[in-house]
Structures are given as C-alpha cells and as structure tokens.
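Enquirer: Compute the structure for the input listed below.
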Amino acid sequence: MSNINGKIYALNAITPMKPWKTLVLRGFFFLLGHIKPLQQDLINLSFIEFARWVVLPRRQFPFLGNGQVKEELQYDYLLFFSNFNGTWNQYIDAFSAVLSKGLNLVWRWSEKFPGAVPVTPFKEYIARVQFDTDYYYTAYPHAAANDLKSAHIVQASLDSLSQRAQACTPEQFADAYLRFVLEVQAHLGETGEAPIVF
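Expert: So this is what the prediction gives:
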C-alpha cells in the first residue's frame, strides 16, 4: 500500500463543507492555535508524527488555466493530513477514544459526518473520504516517533557517561556503565519495517 513507508502510515482525507460553516471552523482553529491546553490531548498521542487540517474555500481552488475548465464548486473542503506509527485501525481507535470531542468540533461541519463515537461509523466515514498518498517525506521512515524520543534519551545518557568517564577509575567506570545500561535499556528499540498486524 502506498500509504505505508517503513513504520510510518500516511492518512489524508478530504471532506466537503457548506461555505457558511467555514467561518465557524476557522474560528475554532484560531482558538485551537492560541489556547495551548486545547492541544494537549493531541500532543499526548505520541505515535502521531504529524497532523494538520486545512480549509480550502471553493473559490480559491487551484486553477491552472491553459484549457482547464473553471469549476463552480458548491462546497468548501476540509483537508486532513497525518503521519503516524501503527496501523490504520489503531490510529482511528485512538482518535475516537482520546480526541472524540475535538474531532467532533472539527469534522462536525463536514457533510454526513457521523461523529467520532461510536467508532464503527467513524471508521466507515474516514474510509470513504480517505485517499491514497503516493509520495510523502519522512526523515526517518524506519523509526517511529517513540524511537526518536528514545534515541535522544540514549544519546544524552551516553554523553553524560562520556563526560564522567574521563575522571573515573576502572571500577568507577564499570559502576557508571552499569547504571547507564540500566537507565537506557528500555529505550533500546529496533528500527526497521513495521510488524504486519492481521
């Protein structure tokens, strides 16, 4: 599937909205961008690499000229882009369980949105409005967001050990090294392809 690159899955969705609803949604996005506690639940979902909503007004749709017929669209469109670690089902389940109120505030303005809870109609909706991603950039395709966080912890601990080692006796170094290994052992993950989940 083109949406998967290493451990990273890309989800893109586009949903139509009546134009008058766009103003309300833009107001909510403004509040979300300026009131940091409203972002906390999304930030706490550590398997999300990236998530963004974009409103595309019907009269600002790209028009290239050169023989392209200008479209008369009835709806504005809400575009959702996200990269995450794990399976599609895990992602939608987590969104529904943790962010249902926020998702309802964003997507309720889209046509035929069933709500984020219960999860089955929500999954059916996302499957209908999702489109495949042929290309996208990920700096570390074989490492999940948590792998990167763990790598920073291991590197900081190793740097600290390196500084202390210069003034250690062999016995002190052995003790410091053992403490280092115990400290980082939970952060020594494995990069590579994501496991296949059936």
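
Enquirer: Could you use CA atoms for every contact and neighbour count after this?
Expert: Fine.

Enquirer: how much space is there between the residue sitting furthest away from the middle of the chain and residue 179?
Expert: In the chain, counting by Cα atoms, centre = their mean, residue 169 sits farthest out from the average C-alpha position, at 46.4 Å. Separation of residue 169 from residue 179 (Cα to Cα, to the nearest Å) stands at 15 Å.

Enquirer: now residue 30
Expert: Distance from residue 30 to residue 179, by Cα to Cα: 47 Å.

Enquirer: Sticking with residue 16, tell me its helix or strand.
Expert: Element membership for residue 16 (DSSP states H and E) is strand 8-17.

Enquirer: all strands of the chain, in order?
Expert: 4-5, 8-17, 48-56, 76-85, 130-131 (DSSP state E).

Enquirer: could I get those strands as a markdown table with mean neighbour count, distance to residue 104 and mean pLDDT?
Expert: Supplementary listing: the strands of the chain in a markdown table, determined by neighbours: other Cα atoms under 10 Å; distance: least, Cα to Cα, whole Å; pLDDT from 0 to 100:
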| stretch | mean neighbour count | distance to residue 104 | mean pLDDT |
| --- | --- | --- | --- |
| strand 4-5 | 21 | 27 | 64 |
| strand 8-17 | 22 | 13 | 90 |
| strand 48-56 | 16 | 13 | 84 |
| strand 76-85 | 20 | 13 | 89 |
| strand 130-131 | 15 | 17 | 92 |
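
Enquirer: I'd like the ones you listed written out as CSV, with distance to residue 159 added.
Expert: What follows is the strands of the chain, written out as CSV (distance: least, Cα to Cα, whole Å):
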stretch, distance to residue 159
strand 4-5, 31
strand 8-17, 29
strand 48-56, 26
strand 76-85, 28
strand 130-131, 44
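
Enquirer: So for residue 145, which of those sits nearest?
Expert: Distance to residue 145, taken as Cα to Cα, is lowest for strand 48-56 among the strands of the chain, at 6.1 Å.

Enquirer: which residues sit in contact with the closest residue to residue 16 other than its chain neighbours?
Expert: Nearest residue to residue 16, sequence neighbours excluded (Cα to Cα, 6 or more residues apart in numbering): residue 77, at 4.5 Å. Residue 77 makes contact with 14, 15, 16, 17, 55, 56, 57, 58, according to Cα atoms under 8 Å, 6 or more residues apart in numbering.

Enquirer: Leaving out the residues flanking it, which one is nearest to residue 17?
Expert: residue 110 (4.6 Å).

Enquirer: related to what we said a few turns ago, got the angle for the strand holding residue 16 vs strand 76-85?
Expert: 160 degrees (axes from the mean of the first three to the mean of the last three Cα atoms, to 10 degrees).

Enquirer: Check which helices and strands strand 8-17 is in contact with.
Expert: strand 76-85, helix 119-129, strand 130-131 (3 or more Cα pairs under 8 Å, 6 or more residues apart in numbering; DSSP states H and E).
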